[in-house]
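**Student:** Take this sequence and fold it.
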Amino acid sequence: MSHTVTVDCFDVELDSGENLKALGEGNYLELDQTVAGMSPGIWLLLAYEGEFGDWARLRRLTREEIAARRRAEAFSRIYE
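**Tutor:** Numbering: from 1, shown residues only. Next up, the predicted model:
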């Protein structure tokens, strides 16, 4: 079962120093520590919510999804 959370965009700081609003829907966020109630792992940004889009809904990827994603990335590098 996947784990979905809704967090305040301003509670998450990206490596670039920007907040979560700088990350587009459908992109991934990889965490190495707990942030805004999200455990370490890879999270998929599903949608922005709220009147000003200040809330983000994210889903934590399963181990199987992470493995499949890494295989696809490795496979795509073969044909670069």
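
**Student:** where does this structure have low pLDDT?
**Tutor:** Low-confidence segments of the chain, defined by pLDDT under 70: 1-2, 80.

**Student:** Which parts of it are strands?
**Tutor:** 3-8, 28-31, 41-49, 55-60 (DSSP state E).

**Student:** Return the most buried member of the ones you listed.
**Tutor:** Stretch with highest mean neighbour count among these: strand 55-60 (a mean of 19; mean count of other Cβ atoms under 10 Å). All C-beta atoms are positioned from the backbone trio N, CA, C, and that covers glycine.

**Student:** picking that back up, let's have the strands of the chain in JSON lines, adding distance to residue 72.
**Tutor:** Shown next, in JSON lines, are these (distance: least, Cβ to Cβ, whole Å):
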{"stretch": "strand 3-8", "distance to residue 72": "22"}
{"stretch": "strand 28-31", "distance to residue 72": "12"}
{"stretch": "strand 41-49", "distance to residue 72": "13"}
{"stretch": "strand 55-60", "distance to residue 72": "18"}
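
**Student:** Identify whichever of these lies nearest to residue 76.
**Tutor:** strand 28-31 (15.1 Å; Cβ to Cβ).

**Student:** For the closest residue in space to residue 22 that isn't next to it in sequence, what are phi and psi?
**Tutor:** In this structure, residue 22 finds its nearest non-sequential neighbour in residue 14, 6.0 Å apart by Cβ to Cβ, 6 or more residues apart in numbering. Main-chain torsions, residue 14, degrees, to the nearest 10: phi -80, psi 170.

**Student:** Appreciated, that's everything.
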